[in-house]
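Enquirer: After the sequence you'll find the predicted model.
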Amino acid sequence: MEVSFTEGEFYQEHFDSRAYIDNFYSSPEGHSGEKRLLTFVLDCLSKTFSAGRYKGQTLIDVGSGPTIHSVLSACEHFQEIVLSDFADANRQELEKWLRNEEACFNWKPVIQYVCNKEKKSPSEVEAKVRQRVKQVLKCDVRLENPFHPQTLKPADCVITCLCLEAACKDMLEYKKALANLSTLLRPAGVLVMVGVLEESFYCVNQTRFSCLQLSQESIEAELHNLGFTIQELNIFPSPEPEDNDVSDYKAVFHLVALKSDKI
């Protein structure tokens, strides 16, 4: 029997936000089954943002899940940050951390790792993220305006990390979602993407979630069709796929692309 793709509505009902961050983000190495996938992502984001080449007023993180790791290196360079997710529980987990509630997730080991690389104070970075995240919004990348009914001013930077392949059931939907993301960026704005290649599933405890199996070539082609110029593309192949019981990713990618400056 073919299992249907686990779209946003399935996440709303079945995604255990705290189990996900406990399992995948408790240390900068990430989940032991995924062999330093998170370290690769943190290193790439640090390299992208720490030099200060990409900066501006606003940054939108599309599909944050219950995580803040994608904006740790960027928060220095953008005055206003928007985090977002489809699932209520993920947004609630973000709000808990932003308010520094007693029961919030401990991001200190991940923050410490990033700060060691960038020679920054963890307490200052923590404070800066809390100060600069101005909104945590519901988003749906399948909508032409992912933040409907709100309309956000086009941002200087859009980040999306491990979101689109989990939200889009086929390539047609993926192409539309990329186009929808493009509308959130100003002309010549920067898009930073992190995703997985050729992954069909991942698990949070015993619950299995679908992934759209993507190739590097298809992602590059779609960005080119939307008028983006890829500045940087990094690939981290799965070191020991046979020992991974939480996902079947073949590789992780990180890319930086500039939107055309034509309006």
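Expert: It's in. Numbers count the residues shown, from 1 in each chain.

Enquirer: going forward, measure contacts between C-alpha atoms and count neighbours the same way
Expert: Fine.

Enquirer: can you give me the strands for the stretch 101-250 of the chain?
Expert: Using DSSP state E, counting those that start in this stretch, the strands of the stretch 101-250 of the chain run over 133-138, 155-161, 185-197, 201-204, 207-210, 229-237.

Enquirer: Mind checking those strands for the one nearest to Tyr11?
Expert: Checking the strands of the stretch 101-250 of the chain against Tyr11 by CA to CA gives strand 207-210 as the closest, at 8.4 Å.

Enquirer: and the biggest helix by length in the chain, which residues are buried?
Expert: Secondary structure of the chain read by DSSP state H shows that its longest helix is helix 37-50. The neighbour-count check on helix 37-50 (16 or more other CA atoms under 10 Å) flags 37-42, 44-46, 48-50 as buried.

Enquirer: Turn the strands of the stretch 101-250 of the chain into CSV, columns for distance to Phe78 and mean pLDDT.
Expert: Converted to CSV, the strands of the stretch 101-250 of the chain look like this (distance: least, CA to CA, whole Å; pLDDT from 0 to 100):
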stretch, distance to Phe78, mean pLDDT
strand 133-138, 10, 98
strand 155-161, 9, 98
strand 185-197, 12, 97
strand 201-204, 32, 92
strand 207-210, 33, 92
strand 229-237, 20, 96
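
Enquirer: and which of the buried residues of helix 37-50 is nearest to Tyr202?
Expert: For the buried residues of helix 37-50, the nearest to Tyr202 is Leu37 (13.3 Å; CA to CA).

Enquirer: picking that back up, for the longest helix of the chain, give me every contacting residue.
Expert: Helix 37-50 has contacts (CA atoms under 8 Å, 6 or more residues apart in numbering) with 24-25, 28-31, 54, 69-70, 73-74, 77, 114, 117-118, 194, 234, 236, 238, 252, 254, 256.

Enquirer: go again using 7 Å as the cut-off
Expert: Here helix 37-50 makes contact (CA atoms under 7 Å, 6 or more residues apart in numbering) with 28-30, 73-74, 114, 118, 254.

Enquirer: Quick check: Arg130 touching Trp97?
Expert: No - with contact defined as CA atoms under 7 Å, Arg130 does not count as touching Trp97 (8.3 Å).

Enquirer: Among the two, which residue is more densely surrounded?
Expert: Trp97 (20 against 17; other CA atoms under 10 Å).

Enquirer: which two in the buried residues of helix 37-50 are spaced the farthest apart?
Expert: Using CA to CA, those reach their maximum pairwise distance at Leu37 and Ser50, which is 19.8 Å.

Enquirer: Out of the strands of the stretch 101-250 of the chain, flag the one nearest Lys262.
Expert: Proximity to Lys262 (CA to CA) singles out strand 185-197 among the strands of the stretch 101-250 of the chain, at 6.3 Å.

Enquirer: relative to strand 155-161, how tilted is that closest one?
Expert: 10 degrees (axes from the mean of the first three to the mean of the last three CA atoms, to 10 degrees).

Enquirer: those helices in the chain, which residues are they?
Expert: Under DSSP H, the chain gives helices at 8-14, 17-25, 37-50, 88-98, 108-118, 122-132, 164-167, 171-182, 216-225.

Enquirer: List the buried residues in the fifth one.
Expert: Looking back up the chat, that one is helix 108-118. Buried residues in helix 108-118 (16+ other CA under 10 Å): 110-115.

Enquirer: Leaving out the residues flanking it, which one is nearest to Val204?
Expert: In space, and not counting its chain neighbours, Val204 is closest to Tyr20: 5.7 Å by CA to CA, 6 or more residues apart in numbering.

Enquirer: Kindly provide the distance from the closest residue to Glu7 other than its chain neighbours to Phe86.
Expert: Among residues not flanking Glu7 along the chain, Ala167 sits closest, at 5.7 Å (CA to CA, 6+ apart). In this structure, Ala167 and Phe86 are 9 Å apart, going by CA to CA, to the nearest Å.
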